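*Asks:* compute the structure for the input listed below.
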Amino acid sequence: MYVDESGDHVMEPSKWSSPDARYLGLTGVVMDSEVYRTRTHPEFEALKQEFFPHDPDEPVVLVRNRIIKKLGPFGELRDPELAAHWEQRIIRFLNNHASQIFTVVIDKQAHQGRTGSAASHPYHYCAAVLTERYGDWLRNAGATGDVMMESRGRREDMDFRAGFSRFMLGSLPETQESQRKTGSSLLRLKSKENNITGLQLADLVAYPSMRGILLENGFPLANPPSAATRQFIEAIQPKHGQNGKALLP
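*Replies:* Okay, the predicted model is just below:
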């Protein structure tokens, strides 16, 4: 499972008047390891070469914010016809290669209101719940797997590993059964800049996945989703499956 976030973990009530600052979402994209090795990665590289031709020694790394702003090689998408074609192709690619998508969204305002000064770290909490659901899914399928999340810097990674371990060992009440339930065996932290296909796909899916859950539950948004975001929301909906979504207080 490759994981990326939308929003941030900062607990700053003064900023929560903006819906975009109030929520944090973590999304995991699950892919079969052998298919990933033999098909997903090479086909993804071919797709990037088709739309954003580049020297293989200097690969193009897909980052949603840069694509939306049409920066660097993504300036090609200023052509509306090409942009529409790209959206169709990348959505089809996700549907063909993602086995399952999990998304966990936390309302930081409600979380702090419920737990006060004892509020758990939102990112660590979401990651533990996401991994627990992934573990349940693996166990039901009789499979094992691992988790790769985007590295956020040395200090953040160290804090995350420590906080995540506390959750998964059941020392915090929200996930006392997580360690017993999860079938995942390894947590890895890597940068998208390493040109990791799974993290790039998770980056593309994280934002629309979170927006879709907020819309479903009637939560306010700072701006309505764009037509492209709505396309993503509708396309990935079937990939969430049973227990693929969670809205945490």
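
*Asks:* could you use CA atoms for every contact and neighbour count after this?
*Replies:* Will do.

*Asks:* ok, now how distant is Phe51 from Gly135?
*Replies:* 36 Å (C-alpha to C-alpha, to the nearest Å).

*Asks:* the more surrounded of these two?
*Replies:* Between Phe51 and Gly135, Gly135 has the larger neighbour count (other C-alpha atoms under 10 Å), namely 24 against 16.

*Asks:* where does the more buried one land in three-state SS?
*Replies:* helix (DSSP: H, G, I helix; E, B strand; the rest coil).

*Asks:* where do the helices sit along this protein?
*Replies:* According to DSSP state H, the chain carries its helices in the segments 19-22, 33-35, 41-51, 64-68, 80-97, 108-115, 122-141, 154-168, 178-181, 197-216, 227-240.

*Asks:* show me the contacts for Lys48.
*Replies:* Shown in contact with Lys48 (C-alpha atoms under 8 Å, 6 or more residues apart in numbering): Val60.

*Asks:* if we use 10 Å, what do you get?
*Replies:* Neighbouring residues of Lys48 by C-alpha atoms under 10 Å, 6 or more residues apart in numbering: 54, 59-62, 86, 90.

*Asks:* and if you look at Asp55?
*Replies:* Gln49.

*Asks:* measure it to Lys70 for me?
*Replies:* As judged by C-alpha to C-alpha, Asp55 and Lys70 stand 19 Å apart.

*Asks:* for Asp107, same thing?
*Replies:* Using C-alpha to C-alpha, Asp107 is found at 30 Å from Lys70.

*Asks:* neighbour-wise, which of the two wins?
*Replies:* The neighbour comparison of Asp107 against Lys70 (other C-alpha under 10 Å) goes to Asp107, with 21 against 14.

*Asks:* the more buried one reaches Leu24, doesn't it?
*Replies:* Yes: assessed by C-alpha atoms under 10 Å, Asp107 is found in contact with Leu24 at 7.0 Å.

*Asks:* what do those two both touch?
*Replies:* By C-alpha under 10 Å, 6+ apart, the residues touching both Asp107 and Leu24 are 122, 248.

*Asks:* what about Asn223, how many residues nearby?
*Replies:* 8.

*Asks:* returning to what we had before: closest to Ser6 out of the helices of the chain?
*Replies:* helix 197-216 (5.3 Å; C-alpha to C-alpha).

*Asks:* point to the residue nearest the middle of the chain.
*Replies:* Centroid-nearest residue in the chain: Thr27, 2.7 Å away (criterion: C-alpha atoms, centre = their mean).

*Asks:* give me the spatial nearest neighbour of that one, chain neighbours excluded.
*Replies:* Nearest non-adjacent residue to Thr27, counting by C-alpha to C-alpha, 6 or more residues apart in numbering: Thr103, 4.3 Å away.
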